[in-house]
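Chemist: after the sequence you'll find the predicted model.
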Amino acid sequence: MKIIMLGAPGAGKGTQAKMIAEKYSIPHISTGDIFRANIKEGTDLGKKAKEYMDKGLLVPDELVVDLVVDRLTWDDTKNGYVLDGFPRTIPQAEALTKALAARGEKVDFAINIDIPDENIIERMGGRRACVTCGATYHIVNIPPKKEGVCDKCGSELILRDDDKPETVRKRLDVYHEQTQPLIDYYTKEGVLKDVDGTVDMMDVFGAIVQILGE
Ligand code: ADP
Ligand code: AMP
């Protein structure tokens, strides 16, 4: 099952992708997580990506596409995967379609988590991410058991640099301009499925399971 997650920053793509990966035993591949890991390790890719991420801009396609296309050849992708944060531009979607077609494959589901911009700023301001394992929480909606501490690994929870309100507004503009057109792209491919992202995370997951099957 090859799934891509669409939706504005903060729509809940990562939250749902982690649950999908667990239920269907497929890897969760997040380009944002890959960049953050590279930033933490101080790699060249991390240094380049950070310049764009801190400004709320997308990392250039040429730094993302080869990385993902290569990741999709790993052994763990044999039964599919859930891609979170990729594709984010039409050229990225075209590159993905082409790379898959070369192997006689295609995306099975593009799950679009629908949420109005008004909800996003509140979501992102409250998001806290684990510095070690990348688990995400929300200080009000999905709080950790102990404030500031990850339930899963006990490390510190932080507000991401790009979740500050001015950067979030920029990221939303970039989303509407460059990523939203993918909704049409995947509608034409016949694989787009919309879910309401404003409800409780377990209800969003319920709607996704209805689409993907038990
Ligand atoms: P994305 O990966 O799309 O950027 P996240 O999955 O990180 O978004 O979710 C953004 C924030 O909203 C996080 O703090 C997360 O805990 C919270 N969140 C996710 N889903 C819901 C939901 N259905 N209701 C309320 N808050 C949510
Ligand atoms: P995310 O964790 O998905 O919200 O991604 C965080 C940031 O990483 C984005 O705001 C972009 O700067 C960058 N990024 C992640 N995925 C991509 C992608 N597919 N194309 C371009 N930039 C990306």
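Modeler: Good, I have the coordinates. Numbering: from 1, shown residues only. Ligands and ions are numbered 1, 2, ... in the order given.
Chemist: ok, the closest residue to ligand 2 within the chain - contacts?
Modeler: Closest residue of the chain to ligand 2, CB to the nearest ligand atom: Gly32 (2.0 Å). Where C-beta positions appear, they are placed from N, C-alpha and C, glycine not excepted. Contacts of Gly32 were listed using CB atoms under 8 Å, 6 or more residues apart in numbering, and they are 14, 84-85.
Chemist: could you pick out which of these are near ligand 1?
Modeler: Gly14 (CB under 6 Å from any ligand atom).
Chemist: just the contacts of Gly32: which are in helices?
Modeler: Gly14 (DSSP state H).
Chemist: rebuild the contacts of Gly32 as TSV, extending it with pLDDT.
Modeler: Converted to TSV, the contacts of Gly32 look like this (pLDDT from 0 to 100):
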residue	pLDDT
Gly14	96
Asp84	98
Gly85	98
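Chemist: now, among the contacts of Gly32, which is nearest to Lys106?
Modeler: Asp84 (18.4 Å; CB to CB).
Chemist: before we move on, back to that, per-residue confidence at the residue of the chain closest to ligand 2?
Modeler: The model reports Gly32 with a pLDDT of 96.
Chemist: what helix or strand is it located in?
Modeler: helix 31-41 (DSSP states H and E).
Chemist: CA atoms of that helix as PDB?
Modeler: Taking Å, rounded to 0.1, in the frame of the first residue of the first chain, the C-alpha atoms of helix 31-41 are listed here in PDB:
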ATOM      1  CA  THR A  31      11.100  14.300   4.600                       C
ATOM      2  CA  GLY A  32      10.900  16.900   7.400                       C
ATOM      3  CA  ASP A  33      12.200  14.300   9.800                       C
ATOM      4  CA  ILE A  34      15.000  13.400   7.400                       C
ATOM      5  CA  PHE A  35      16.000  17.000   7.200                       C
ATOM      6  CA  ARG A  36      15.800  17.600  10.900                       C
ATOM      7  CA  ALA A  37      18.000  14.500  11.500                       C
ATOM      8  CA  ASN A  38      20.600  15.900   9.000                       C
ATOM      9  CA  ILE A  39      20.500  19.300  10.800                       C
ATOM     10  CA  LYS A  40      21.100  17.600  14.100                       C
ATOM     11  CA  GLU A  41      24.000  15.600  12.700                       C
END
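Chemist: any idea how far it is from the chain center?
Modeler: 13 Å (CA atoms, centre = their mean, to the nearest Å).
Chemist: just stretch 201-214 next, same as before
Modeler: 17 Å.
Chemist: tell me the spacing between the residue located most distally from the centre of the chain and Gly154.
Modeler: Ranked by distance from the centre of the chain (CA atoms, centre = their mean), the top residue is Lys146, with 25.5 Å. From Lys146 across to Gly154, the span is 9 Å (CB to CB, to the nearest Å).
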